[in-house]
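In: sharing a model that was predicted from the sequence below.
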Amino acid sequence: MPLSQFAPENYFTFLSEKEARMQALFKPFTSKVPDVFASPKTHFRYRAEFSIWHEGNEWDYVVFPKGNNSNPIKLNDFPIASLKINQLMPLLKSAISQDEVLSKKLFQIEFLTTLSGQALVTLIYHKKLDEPWEIKAKALAASLNIQLIGRSRKQKVVIDSDAVVETLTVGGDTIHYRQTEGGFTQPNPYINQSMLHWASTQLKQNQGDLLELYCGNGNFTLPLAQHFNQVIATEISKTSIYNAKWNCEKNGVSNIHFLRLSSEEFTSAMNKEREFRRMKEAQISLEDYNFNTLFVDPPRAGLDKDTLKLATRFDQILYISCNPTTLVENIRDLSKSHQMSTWAIFDQFPYTDHIETGVLLQKK
């Protein structure tokens with residue numbers, strides 16, 4: 001987000017403009033007005049990364065204008081980032097600047113923070129990280145009460161842990177999520193809670209089973225599982241599957257089976273075109289499931305042709321999208337068998353053109 005676009009006093013004007021664009025885009029499919037979920041105006045982003053710009057013995061946090069890597073913008077704070085990140089920025093700079101072992105050849109710092117107050121900081125270097133660095137890093141992590149990771153070429157040094165645990169509230173329920181350095185997490189936890197609550201509300205009082213594709217770390221899976229008898233959730237990332245299973249155990253959820261399969265692979269299994277060893281090892285037989293609902297939160301490219309064909313079999317489809325353009329293309333294909341029942345927009349990225357969309361489709 002260009003810093004020039006940050007204008008909290010105009011936030012709701014920007015949001016109204018987004019809503020108008022979205023209503024025009026979805027006009028061919030529905031006349032209903034979407035539910036609109038606003039973000040906090042400031043301190044809404046709980047992940048951030050900054051380049052480090054060295055001048056003599058001093059360095060600064062910087063960002064670069066898009067397409068221009070030679071004119072850094074120096075930062076003392078970052079008002080769109082969480083209060084925790086803003087608190088840590090000067091403390092880290094002061095501590096690291098006073099220590100040559102920690103500051104030498106440091107070129108990037110990444111932050112991952114949580115509503116529950118934890119912080120994971122990654123320091124990235126153009127040098128090998130040795131024992132003296134690790135000793136200094138341990139002292140730094142202890143002094144600031146943070147998790148710390150050092151990265152260099154083909155090297156990762158973890159001080160204590162490479163994950164934090166986020167705690168979200170969804171419809172009065174508290175849910176804990178393990179979030180790993182480098183893994184995908186929703187950057188705006190306030191909007192994430194809104195998305196989880198909205199999705200959960202749409203799928204209450206179901207009697208069948210749920211299939212979820214692109215489940216990540218189980219972000220949506222856990223609150224949705226309470227409304228279904230059984231759930232199968234698929235994801236291709238090993239780290240995400242590990243975290244999803246950890247999250248299930250942590251939250252005492254027992255009716256979800258996570259599978260490391262792509263949407264294309266699971267579609268092939270549903271079509272009985274191929275058997276997968278991972279399903280056999282998990283003792284999963286698709287004949288034991290009565291799927292009536294499909295939940296998808298795909299990447300920006302949307303659903304592929306075979307997954308779209310699979311989707312037409314379900315009584316209802318709940319679709320969360322980070323790309324309205326591909327969502328509209330997918331709805332156009334699905335409109336032969338389904339119609340939009342309700343929808344919502346979520347301002348995950350204030351002051352940008354990006355918008356998150358949720359759509360519930362019911363079979364005609």
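Out: Nice, I can see it.

In: in the lowest-mean-pLDDT helix or strand in the chain, which residues are buried?
Out: Among the helices and strands of the chain, helix 277-281 carries the lowest confidence by mean pLDDT, DSSP states H and E, at a mean of 86. Within helix 277-281, the residues scored as buried using 16 or more other Cβ atoms under 10 Å are residue 279. C-beta coordinates here come from the backbone N, C-alpha and C atoms, glycine included.

In: that one - contacts with which helices or strands?
Out: Of the remaining helices and strands, none touches helix 277-281 by 3 or more Cβ pairs under 8 Å, 6 or more residues apart in numbering; DSSP states H and E.

In: partners of the helix or strand where residue 168 lies, with directions?
Out: Assigned by DSSP states H and E, residue 168 belongs to strand 163-170. Using DSSP bridges, the strands paired with strand 163-170 are strand 173-180 (antiparallel).

In: residues making contact with the partner strand?
Out: With Cβ atoms under 8 Å, 6 or more residues apart in numbering as the test, strand 173-180 has contacts from 112, 114, 120, 162-169, 185, 196, 217-219, 222-223, 239, 243, 246-247, 250-251.

In: could you list the buried residues of that strand?
Out: 175, 177-180.

In: what of stretch 6-25?
Out: So, applying 16+ other Cβ under 10 Å, buried residues of stretch 6-25: 6, 11, 14-15, 18-19, 22-23.

In: sheet partners, orientation included, of the next helix or strand after the least confident helix or strand of the chain?
Out: Per DSSP H and E, the first helix or strand lying C-terminal to helix 277-281 is strand 291-296. Strand 291-296 has its sheet partners listed here by DSSP bridges as strand 209-213 (parallel), strand 316-321 (parallel).

In: mean neighbour count for the ones you listed - can I get that in CSV?
Out: As requested, the strands paired with strand 291-296 are exported to CSV (neighbours: other Cβ atoms under 10 Å):
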stretch, mean neighbour count
strand 209-213, 24
strand 316-321, 23
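
In: Throw the ones you listed into TSV and include mean pLDDT and distance to residue 288, thanks.
Out: What follows is these, written out as TSV (pLDDT from 0 to 100; distance: least, Cβ to Cβ, whole Å):
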stretch	mean pLDDT	distance to residue 288
strand 209-213	97	9
strand 316-321	97	21
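
In: how about these in CSV, adding distance to residue 55?
Out: Below are the strands paired with strand 291-296 laid out as CSV (distance: least, Cβ to Cβ, whole Å):
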stretch, distance to residue 55
strand 209-213, 48
strand 316-321, 43
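
In: residue 299: which element?
Out: Applying DSSP H and E, one finds residue 299 in no helix or strand.

In: name the nearest residue to it, ignoring sequence neighbours.
Out: residue 214 (7.2 Å; Cβ to Cβ, 6 or more residues apart in numbering).

In: from memory that neighbour sits against residue 264, does it?
Out: No: the pair residue 214 / residue 264 is not scored as a contact, 11.5 Å apart, by Cβ atoms under 8 Å.

In: these two: who's more crowded?
Out: Neighbour count, other Cβ atoms under 10 Å: between residue 214 and residue 264, residue 214 has more, with 21 against 15.

In: how much space separates that one from residue 197?
Out: 20 Å (Cβ to Cβ, to the nearest Å).

In: now do the helices in the stretch 101-250 of the chain.
Out: Using DSSP state H, counting those that start in this stretch, the helices of the stretch 101-250 of the chain run over 131-144, 189-202, 221-225, 238-251.

In: most packed of those?
Out: Among the helices of the stretch 101-250 of the chain, the stretch with the highest mean neighbour count (mean count of other Cβ atoms under 10 Å) is helix 221-225, at a mean of 25.
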